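Q: 3D, please:
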Amino acid sequence: MAGRDLGVNERAARVGPMLFVRLKLRLIAGNLRGNGVRLAGFVFTVLAALVVAGLGFAGVSALRFASAEIAADVGVVLFTVFVVCWAVGPLLVFGLDDTLDPSRLALLPLRTGRLAAGMFAASITGVWPISALIVMSGAIVGIASGIGGVLLGIVAVLLQFALCIVTSRLVTTSLSGAMRTRRGRDVLAVSVILFVLAGQVPNLLLNGGFSADPGRTLHAVASVLRWTPPGL
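A: Prediction:
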């Protein structure tokens, strides 16, 4: 029995992030096999992600034609919005992703660091994470200037992407237990409504008297958000 446990531990020690990636791809392929509706939905998701990636990259890259100050302020706001959307968006829109549920791996002899690295690798495997990375990469074209700016922009975008993924996984993992209950799903439904209403707050502020000088309002908001992790 001790030899068997030792063999299991040795195999677990060789588990790397790529194993989690292959596992997720196999689970996705298995869910699509023999189900035309799911396959059609997956194709539509891929096409939608491509459209979002293209339009988003073009839109963020268009900051190149604005002044440096406005481009920087818009970049700070956009990066903050990205993190917020990744924190609550997947949970509100898609619910829990069973392929990324750490409770299913709780019985395996994996250390926390190895499990975290594997879950991160599995989290970035998909069309929407790649689409988000492409959109955020538009900031390198739209804001960065010079070789030093481009190099710093690449690092900033990668850190921003990692922050979005880690924040999303932290939220969904923390709420995974609650979301399996009826009460948790009811709270999720109410949260969707509150999130939609909160998205109208900027529009209400602009139409409520703050629109006299949109540039000043944008700069004031960006000045506050610069102290947040995505703003930095």
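
Q: every contact and neighbour count from this point should use C-alpha atoms.
A: Fine.

Q: which SS class is W227?
A: Under DSSP: H, G, I helix; E, B strand; the rest coil, W227 falls in the coil class.

Q: report how many residues lie close to it.
A: Counted with other CA atoms under 10 Å, the neighbours of W227 add up to 11.

Q: next: the one 3 residues further on.
A: When neighbours are counted by other CA under 10 Å, P230 registers 24.

Q: kindly report the same for S174.
A: 11.

Q: so which strand or helix has it?
A: helix 146-175 (DSSP states H and E).

Q: and that helix, what's buried?
A: 150, 153-154, 156-157, 160-169, 172-173 (16 or more other CA atoms under 10 Å).

Q: same check, this time on stretch 134-147
A: 134-144.

Q: please apply the same query to stretch 74-86.
A: Within stretch 74-86, the residues that qualify as buried are 74-80, 82-83, 86, counting by 16+ other CA under 10 Å.

Q: go on, stretch 116-124?
A: Here stretch 116-124 shows 116, 118-124 as buried, counting by 16+ other CA under 10 Å.

Q: between these, which is nearest G16?
A: G118 (6.5 Å; CA to CA).

Q: returning to that earlier point: mind listing which of the buried residues of stretch 74-86 are in helices?
A: 74-80, 82-83, 86 (DSSP state H).

Q: okay, the residues you listed in a markdown table with distance to F42 next?
A: A markdown table is the format used below for those (distance: CA to CA, whole Å):
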| residue | distance to F42 |
| --- | --- |
| V74 | 33 |
| G75 | 31 |
| V76 | 32 |
| V77 | 31 |
| L78 | 27 |
| F79 | 27 |
| T80 | 28 |
| F82 | 23 |
| V83 | 24 |
| W86 | 20 |
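
Q: least confident of those residues?
A: In terms of pLDDT, W86 ranks lowest among those, with 86.

Q: contacting residues around S61?
A: Listed by CA atoms under 8 Å, 6 or more residues apart in numbering, the contact set of S61 reads 138-143.

Q: in PDB, could you pull the C-alpha coordinates for stretch 138-147?
A: The C-alpha coordinates for stretch 138-147 follow below in PDB (Å, rounded to 0.1, in the frame of the first residue of the first chain):
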ATOM      1  CA  GLY A 138      -4.700  47.000 -28.900                       C
ATOM      2  CA  ALA A 139      -3.500  49.300 -26.200                       C
ATOM      3  CA  ILE A 140       0.100  48.600 -27.300                       C
ATOM      4  CA  VAL A 141      -0.800  50.100 -30.700                       C
ATOM      5  CA  GLY A 142      -3.100  52.800 -29.400                       C
ATOM      6  CA  ILE A 143      -1.100  54.100 -26.400                       C
ATOM      7  CA  ALA A 144       2.600  53.000 -26.500                       C
ATOM      8  CA  SER A 145       5.200  55.100 -28.300                       C
ATOM      9  CA  GLY A 146       8.800  54.200 -29.000                       C
ATOM     10  CA  ILE A 147      10.600  50.900 -28.400                       C
END
